[in-house]
Structures are given as C-alpha cells and as structure tokens.
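K.L.:
the following block contains a protein sequence and its predicted model.
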Amino acid sequence: MNLWRKLAWVALALVLSASISATWLSPSGYAKQYRDVTNAVPSRSHWLGTDDLGRDRFARVLYGTRISLLLAPAAALISTLMAAFIGGLAGYLGGAWARLAMAVTDLFLSLPWLFLLITARALMPLNVSPVVSVMVTFMLLGLLGWTSAARVLCATAGSLRTSDFVRQARAAGLSGGRLFWIHVMPNLRPVLYAQFWISIPVFILSEANLGILGLGVAEPMPSWGSLLKELEGMVSVGEEPWKFVPLILLVVVVTSFQLLLSRQEEMAA
Amino acid sequence: MKLYERKRVGMARSCGKAIAIAILGLEFLGLSAMAQGGGELRFCLRSEPKTFDPVKVDDDASAAIRYLTGGVLVRVNRQTQELEPGLAMSWKVSKDGRQIAFRLRSGISFSDGTAFSAGDVAYTIQRLMDPALHSPTGDAFRSGAGNVETKVISSTQISITFPAPVAGLDRLFDQVAILSEHSPKREMAVLGPFMVADYKPGSTVLLKRNPNYWKTDEQGRKLPYLDSIRLDVQPNRDVEMLRFKRGELDLINSLDAEYFDKLASTSPQQVRDAGPSLDSEQLWFNEVTKAPIPGYKKTWFRSADFRRAISEAINRDDLSRVVYHGHAQPAEGPFSPANKFWFNGKLTPQPYSPDAALKALQADGFRLENGTLKDKDGNEVVFSIITNAGSKPRERMAVLIQDDLQKIGIHVNVVTLDFPSLIERMTQSFDYEAIILGLTNVDLDPNGEMNVWLSSSENHQWNPQQKTPETPWEAEIDSLMRAQASSSDVKKRKAAFDRVQEIVVEQEPFIFLINKNALSAVSAAVHGASPVILSPQTFWNAERLTVSAK
C-alpha cells in the first residue's frame, strides 16, 4: 500500500470517527439556535463560529459529515446492487434481453437527473420528519444512480458469457441461474467494488448539489450540501475562511475515495 | 519617495483650503453637470422587458421603462405619496365616482414632434379598455359591465365616464401612459422624460432624453438633466452587485439585507435604507374544505384560537433581527405602516408570548405531554410549512418559526419546493398544510388587494374561490371591501378598510410576519437620488438626477 493510500485511509478514519463522536464533541447539538450570536467568528464556545441563525457551525459540520458519509455509501450500495442485477443479468443473457436492458438504461441516462430528483422530491409527502427526508433523499439518489454502472457491468458480463470457462461449464451441463451465480457473479465482483467506490463521491456531490438548490436534507438537519450553501455570495476567500471547512472536508473525503478507488480499479483489472 | 512625502506635506498644509474647495466643487458639480448634460445613468433590469406598449405592461422591467418614458395625466409623488399634476393641470372626480374630467396642458408635443391633445387621451382610454388587448392596467378600471365613454370637450378638456364607480379613480391614472393617436411611431412616440433609442434583446435598452419633454425645474431649465439611461438586462444579482462595486452600474434598485450589509461594510455611503416598504411576508394555514389533509388538522387550521396562538408563539423581532439583519419591521397587520394613509394606526404590535400561546391552546383542549402538544383526541400537533427553494430569507424564517413552535411542543417540518410545485399545491391540488410566502404591493390603494380579500377570489389564498363566504368574518370583509370599492367618499373608504384590517388581525387567516425595508444602493457619482419605499425606489425622480463623469 503506497503512502497516499495510507493517508487516504487515515483521513477517512479520522473524519468518520469525528463525525460518529459528534454527540460527545459537540453536546449542544446541530439545531440549537444562539440567536444573539449569529454569524459569529470562531471562539472558544463555537470553534468554527456560528451560522446566520446562530447555530454552532462545528456541530453542524460534524453531524452533516455523519449524514453524508454514512448515507452516501448506503445509496452507493443500492445503486450498485441494482446495476449488478440489471446490467449483469442483461450481459449474461445477451441478445434481445441485453438490447432491451441497455435501451432502458440509455433512456434513464438521457433523463436530466437533477430535474428528475427535484420532481421526485416535490412528489414526496410533505409531512415527513427530517430523518425520513434525509433517508428518502439518499434512497432516491441510489435508485436513480445505477445506470452508468449497469452499462459497465453489462459489457463485463457479456464478455464473461463468451469466455472459455463459462463455455466449459455450460458444456458440462451447468445452465441458468446456477451458472450465473457460481461462475459469472463472482467474476463481476471486482467491477462491482470499483463501481461502489466510484458512486460514493458521486452521491456525496449529488446531495451537495441538491442541498445548494435547497432541495436536499430538510432543516434543521445539516448535510454537506446545506453547509456548502453558506458559501453562496462570498466575495473573497479571506473574508471568512472558516466557512470553507465543509468544502475542505468534501475535497479531502472525495480525494480519499478516489485514491482508494484507484486500488480497486487495479484489482478489477 | 520624496515626491510622495512632499505631496503629503502639501496636502496637510492645504487641508482647510481643500475642504472648502471640495465643498464648493460638490455644489458646482451638480450645476456643471446640468449645464453640460447630466451624463448617463446605468442600472440593471432583472428580466427582459416583455413590451414597450404601455397598455400591455405586465412585468417589472416593462413597468420601469413605462415609468421612464411614459407621460401621465397625474403622477403619485413617490416621496409624499400625494397625487400631483402631470399632463393634466387639474382634474375632478364626480361625486358618484363614475366620472373624471381633466384639464390638459397646451403646447405639448410627443417625442417625435406630434402635437398632444385630448384626442390622444381618448385614444389611450379606448386602447386601455379594449377587451381584445387584455390590458393589465385597464383591468383596474373595469368596475362593471358596460362601455367606458370619453367626451372630448376641447383640445385641452376631456371627461371619461365609467359604467360603475371606480375606487381611487384619479390615482389609477398614474399607471396610464398617454399614447399618440396620430404619430407614425405609434407607442414609441412618448410624452415622458426619456424615449427608447436602442434595444438589443437580451442585452441593453438605451433610453435618451426626450427633447420635447414639457417639464422644467424651478429655475426654468428643461428636464431631464440626464442625457441617457442604459438599462442592462441582468437577472443574476451576484453579477449585478459585482458590476456595481466595479463602478459599472450607478444604481441597484432593490437589495436584500445580506447584500446590503456586505456593501455597507465597505461603502456605507452607497447604501440606502428607506425604511419599511409595502411588501410583507406571511404564514398561512390551509383552510380549504376539500384539501386532501386529515380532518383533525383542518379543525386546527380553521380555528382562529389556534391561528392566534401560533401567531403569539412566533418571535417577530427575531425574524426581523436575525433574518433581515434589522432591515425589516415586525408586521402589525395586512398593511404596512409605510402606507401612510391606509394603514390603521389603532392596530397594536402582535404580542410574543409562548407561555400565553400555550395557555390559549390548553384552554382550547390541547395538552402538553413529554414535550409534545396533543389535541383533545390525542393527535400530535405536527404540520409542515412549505416555502419556495432558493429564497434564503423565507427558508430562514421557516427554521426560526420551527424552533419557536418547538418551545410549545409543536413539531414543524420545513419543506422547500421549487416554485412551480409550490404554486401547484397552493392553487390546484391544495395539498399543503402551511405556507410562507410574500405579498408584493405596488398599489397604495386597498382596491389593489380586492383579489386577495374577497372570498370568491382565486388569490384568497387560505381558502380561495368560495361560492358563498364560509365564515361570518369573511362575509363581513366581503361586504366592507365591496362597500369601499363602490364609494368615492375617502373617509368612508378608510373606515371600511380600517375595519377590514381589524378583522384580519383578530382572525389571522394570514399571520403577517414582517414588512421588509426598501433597500437600495446608489453610487456616489449619482446626484439628486433620494430612494423611497414606493416603486421605482431609486429612480422615481429620474428626470432630476445627474451623474458626474467617472
């Protein structure tokens, strides 16, 4: 394992453990409004200052990290499993099935996903708690984000279908689901891992995009997206540098995932 | 280095002289600017103007151009809110409020040289009331079935008769830019201080001084002072702000509190807070009978006691202080105190007392259990507040209200929706529980709000399009609004609308939250600017503005 990958693991471990310890590190919580000290600069009582409603920014960063970092992998898992099922099966079956599955995939790919998410969010019932809303947001991301991975898996499964060992297995009398589960799926695993790792930063950024539009995680719950919204309208970097902490965290986490991902890609290759 | 030191010494020695010269210079600047031409004023329109035809104006950008180019018979002075003579030297409204007679100025020409006469006024009224044109300005004059009759008595006298009384008839003419009946340039021939000289769609509208403008200043100099006005189409407020800071723009007509404070921190002399505007922000509950929400929630929302308790639990001072950085006033009722005449001065500020709110709810059968409020049937008091995504102040207000109501055990879910989805829920499906939105008032007269207060109206947001008023107080509002609309007696109208305001404050169908201040920015290069609360805030006196060379 090279140095950069070790650093990536350390960075992710640190960020994850800090966010999990949010309850102890910042006992006042993310929603408490100190209305007399809004937009405060960093101090002993508020390490990263307060936001425009007087909420402790450090607490919000920790809780927001927890949400983004725990739910983005969950969404990645949903999308990877869907991609495995649709893409893998289409590639394995080949012929008309593959063409049909890929046509559906292309149709999904051609949809403007951001507008689709906005529409899906608008159709949701209004009276859901912030916890449910955050889970639904990430679930939507997972359900809509399987398409690119499905294409890759379809191509991989297609090549496996015509590989020698599958032909031999088929010649030996193996067929149908048994052949798929025993010989094809295990060989898709490295690609699935790679797709899973690729999806995580994509979903983190997607939630951040939705958050910037005001359509992500519901208030008062924080997420990286809602925290990044604070950067809107900033004129200079030096103005309030502590507001950049969520952005720096996002960059560190996404970079760390990319570094780990390159390892997965090597393994897949 | 030496040169620098010598300069500093020189500056110090001549400091007193310099100040005196500067003061004289400033005095002189305005005069010299007028003598040599008042320069070019530059500011942004937030959208593309949809039309240059003043009769068809239906958007802010077109309204700004109409204000700058259109000649009107009477003009509401944006500073005093009083009516002043324009193209008409005098006017008289009949006792029954159906007829208005104007005496016009003589010797006036349109920008292309065509002479102005009473025939042009008759032609304008005819176009304004033409049903085929669907003029939004004309809608305000449609008081009843039948035709509007114009009678040209002479070239400088005209009377206009409406089929039914029109409330505030004379003030409505502030929006009516007179068109030329005979000019080949049609609506491009104008009587206002400026005329459209060039238009690049999506980019710029260039207005030039109207050489035939009739008005002069107190010293007899011809108005306007400015040579031209360049209006850049720029919907992005960040870009507008950046360009203003760079000195590429002279005005920002409307600023939000955040931008205002940012600009104030670097250039305090360039920002202007004109005080509370006519605009309000309010929260309301869904009281629509057929709304697809649980019955027990409808019972809460239709209870005036419940609405009053919610209102009492909201800290409006904090909304003003935290969300608007102090550039807003807690709302007292449906009209802003900025509307000097029509505001009911007897209204008292809305109280803030979570304890009193909780007691009122408990007296109504609600009970607090483990920090959660429940109604008498045991249903937890939980509801959602929706507002439009992208409106930071509304989102922040919703979160503050969420926190305020939590203190009395009410759980609020804040949901931001894209605007079309919100409007669909508000006007079509009625699938919502509470909404925070704003009312933009451009009209001082309560008649402009008929579409909000009449129970049969589409914009009676909490329960629109009622066949007959569903509550006695809505029936009373209907009758008061109709009475004031058909009366030309200002005192009677004022008494009727004062009562409407009292009913609204008692019943709280709209929980009025704040009245925003009118915030603007004016470059130091602009002389004569005096921003006001009425639209157009910064350039209402454009004919008297000058811009010094940059």
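P.N.:
Noted; the coordinates are in hand.
K.L.:
up against chain B, what does chain A have?
P.N.:
Proximity of chain A to chain B (CB under 8 Å from any CB of the partner chain) is limited to residues A:31, A:33, A:35, A:38, A:52-54, A:118-119, A:121-122, A:126-130, A:133, A:213-215, A:218-220, A:233, A:235. For every residue, glycine as well, the C-beta is placed using N, CA and C.
K.L.:
can I have the buried ones of those as a ChimeraX selection?
P.N.:
To isolate the buried ones among those in ChimeraX, judged by 16 or more other CB atoms under 10 Å in any protein chain shown, type:
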select /A:31,33,35,38,53,54,118,121,122,126,127,128,130,133,213,214,215,218,219,220
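K.L.:
of the residues of chain A next to chain B, which belong to helices?
P.N.:
A:Ile118, A:Thr119, A:Arg121, A:Ala122, A:Pro130, A:Ser133 (DSSP state H).
K.L.:
which non-adjacent residue is nearest the fourth one?
P.N.:
Take A:Ala122 and drop its neighbours on the chain: the residue closest to it by CB to CB, 6 or more residues apart in numbering or on different chains is B:Ser421, 3.7 Å away.
K.L.:
so B:Ser117 makes contact with B:Ser155?
P.N.:
Yes - using CB atoms under 8 Å, B:Ser117 is in contact with B:Ser155, at 4.3 Å.
K.L.:
those two: who's more crowded?
P.N.:
B:Ser117 (20 against 14; other CB atoms under 10 Å in any protein chain shown).
K.L.:
tell me the contacts of that one?
P.N.:
B:Leu104, B:Ser155, B:Thr156 (CB atoms under 8 Å, 6 or more residues apart in numbering or on different chains).
K.L.:
and with 10 Å instead?
P.N.:
Neighbour list for B:Ser117: B:Leu104, B:Ser106, B:Ile108, B:Tyr123, B:Val152, B:Ser154, B:Ser155, B:Thr156, B:Ile158, B:Ser180, B:Glu181, B:His182 [criterion: CB atoms under 10 Å, 6 or more residues apart in numbering or on different chains].
K.L.:
surely the fifth one forms part of a helix?
P.N.:
The reference is to B:Val152. No - assigned with DSSP: H, G, I helix; E, B strand; the rest coil, B:Val152 falls outside any helix and is strand.
K.L.:
count residues in the vicinity of it, would you?
P.N.:
16.
K.L.:
what do you get for the last one?
P.N.:
As a burial measure, the neighbour count of B:His182 was computed by other CB under 10 Å and equals 12.
K.L.:
what helix or strand is it on?
P.N.:
B:His182 is located outside every helix and strand, with elements delineated by DSSP states H and E.
K.L.:
follow-up on the earlier one: three-state assignment of the residue nearest to A:Ala122?
P.N.:
Under three-state DSSP, B:Ser421 comes out as helix.
K.L.:
buried residues, the host helix or strand of A:Leu141. List them.
P.N.:
Assigned by DSSP H and E, A:Leu141 belongs to helix A:130-144. Of the residues in helix A:130-144, A:Pro130, A:Ser133, A:Val134, A:Met135, A:Val136, A:Thr137, A:Phe138, A:Leu140, A:Leu141, A:Gly142, A:Leu144 count as buried by neighbour count, 16+ other CB under 10 Å.
K.L.:
contacts for the worst-scoring helix or strand of chain A on mean pLDDT?
P.N.:
One helix or strand of chain A scores below all others by mean pLDDT, DSSP states H and E: helix A:113-123, with a mean of 76. Residues outside helix A:113-123 that contact it (CB under 10 Å, 6+ apart): A:108, A:112, A:133, A:136-137, A:140-141, A:143-145, A:147, A:206-207, A:209-210, A:213, A:215-216, B:389, B:415-418, B:420-422, B:424-425.
K.L.:
coming back round to it: okay, the contacts of B:Ser117 in a markdown table with pLDDT and distance to B:Val233 next?
P.N.:
Shown next, in a markdown table, are those (pLDDT from 0 to 100; distance: CB to CB, whole Å):
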| residue | pLDDT | distance to B:Val233 |
| --- | --- | --- |
| B:Leu104 | 97 | 35 |
| B:Ser106 | 96 | 38 |
| B:Ile108 | 96 | 31 |
| B:Tyr123 | 97 | 31 |
| B:Val152 | 96 | 39 |
| B:Ser154 | 96 | 43 |
| B:Ser155 | 95 | 39 |
| B:Thr156 | 96 | 39 |
| B:Ile158 | 97 | 37 |
| B:Ser180 | 96 | 27 |
| B:Glu181 | 95 | 31 |
| B:His182 | 94 | 32 |
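K.L.:
now residue 92, nearest residue through space, not along the chain?
P.N.:
Just so you know, I chose chain A. That would be A:Ala157: by CB to CB, 6+ apart, it lies 4.7 Å from A:Tyr92.
K.L.:
oops, wrong one, chain B.
P.N.:
Per CB to CB, 6+ apart, closest to B:Lys92 is B:Ala101, 5.1 Å.
K.L.:
rewinding a little: and the helix holding A:Leu141, what's its mean pLDDT?
P.N.:
Taken as a whole, helix A:130-144 has an average pLDDT of 84.
K.L.:
that one to helix A:113-123, inter-axis angle?
P.N.:
If you take axes from the mean of the first three to the mean of the last three CA atoms, to 10 degrees, helix A:130-144 sits at 140 degrees to helix A:113-123.
K.L.:
around whatever residue of the stretch 51-200 of chain B ends up closest to chain A, how many other residues sit close by?
P.N.:
Going by CB to the nearest CB, chain A is nearest to B:Asp60 of the stretch 51-200 of chain B, at 21.9 Å. Look at B:Asp60: counted by other CB under 10 Å, it has 19 neighbours.
K.L.:
report pLDDT for it.
P.N.:
pLDDT, read off for B:Asp60, is 89.
K.L.:
same check on A:Leu227?
P.N.:
Looking at A:Leu227, the pLDDT reads 86.
K.L.:
setting aside sequence neighbours, what's the nearest residue to it?
P.N.:
A:Pro246 (3.8 Å).
K.L.:
my guess is that neighbour contacts A:Ile67. True?
P.N.:
No - counting by CB atoms under 10 Å, A:Pro246 stays clear of A:Ile67, with 11.9 Å between them.
K.L.:
now do the shared contacts for the two.
P.N.:
With CB under 10 Å, 6+ apart as the test, A:Pro246 and A:Ile67 both reach A:Pro222, A:Ser223, A:Trp224, A:Gly225, A:Ser226.
K.L.:
just the buried subset of these, please.
P.N.:
Among those, those classed as buried by neighbour count (16+ other CB under 10 Å) are A:Pro222, A:Ser223, A:Trp224, A:Gly225, A:Ser226.
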